[in-house]
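Visitor: build me a model:
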Amino acid sequence: MNKLAVPEVAPDIETICSLETVLREWLAVKEIVIICGKWDHGAISEIISDGKAWLTEAAYTGKFVDLRDLRVRGEHHHLHIDLGKFSHVEYAVTPSVCYGWKPSFEVFLVGDHGPGNFAVSAGRPYRRQALNRPLVKAFFKRFMDHRQRFGDAIQWSATGYGCGPESSAVNDCWHEIGSCALEMIPEEERTDFFFDNKKPWESVQDVMGRLAG
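Guide: Modelled structure (predicted):
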């Protein structure tokens, strides 16, 4: 294992605990994909854990005190994660080439240089090309819960511009995602909501902001 750089400022213990809890709770979800790496660096790996992934407790001291191992039961492969390198979690709805540029639903660990090399993605967001609405609502519900419990350690984004070819099917999908999120807001608070047909992802970003409170 490569040596880790010593951070100039000691990580915030409360933030690390928040990130660790969020990660543990997501790993307990059966239908997830664990993503390691960045497309910008040329390759990523995807781990289909089938609910068998788990996170070790702290096992080291000193500069390695924030290190956790992500393991999959029955497998020798594992992943080292230094939680001290991250400042917050980002719930992201973002276009995916795997789904024909329809959005995926991902949860990134984010550091000083943006989203890191690790994320958890909600598995099977589409069934026979149709949006898996129960899964999407569960994603937004978990976002609301984590935001309420952990405050600014939980951020959000919805991006679409320049990420893929425009198509009516993709735009319709963004509309349906926004509808799913909007249904989680009290009806009396929906009256002033306007859905942008040209940039529907910005409307989803707006609704997520309302869910965040």
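
Visitor: now the lowest-mean-pLDDT helix or strand in the chain - C-alpha only, CSV.
Guide: In the chain, the helix or strand scored least confidently by mean pLDDT, DSSP states H and E is strand 114-122, which has a mean of 86. Extracted in CSV, the C-alpha atoms of strand 114-122 (Å, rounded to 0.1, in the frame of the first residue of the first chain):
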residue,chain,number,x,y,z
GLY,A,114,-13.9,17.8,-5.9
PRO,A,115,-15.5,14.3,-6.0
GLY,A,116,-13.0,11.7,-5.0
ASN,A,117,-12.2,8.2,-6.4
PHE,A,118,-15.1,6.6,-4.5
ALA,A,119,-18.9,6.6,-4.9
VAL,A,120,-21.9,4.4,-4.3
SER,A,121,-24.5,4.3,-7.0
ALA,A,122,-28.1,3.1,-6.6
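
Visitor: and it, what does it pack onto?
Guide: Under the contact criterion of 3 or more CB pairs under 8 Å, 6 or more residues apart in numbering; DSSP states H and E, strand 114-122 touches helix 13-27, strand 32-38, strand 88-95, strand 103-111, helix 133-150. The C-beta positions use only the backbone N, C-alpha and C, and glycine is treated the same way.

Visitor: got the angle for the third one vs helix 133-150?
Guide: Yep, that's strand 88-95 we're talking about. Orientation check (axes from the mean of the first three to the mean of the last three CA atoms, to 10 degrees): strand 88-95 against helix 133-150 gives 160 degrees.

Visitor: partners of strand 88-95, with directions?
Guide: In the sheet, strand 88-95 lines up against strand 103-111 (antiparallel), strand 154-158 (parallel) (DSSP bridges).

Visitor: tell me where the model's unsure across the protein.
Guide: Applying pLDDT under 70 to the chain picks out residues 1-11, 161-166.
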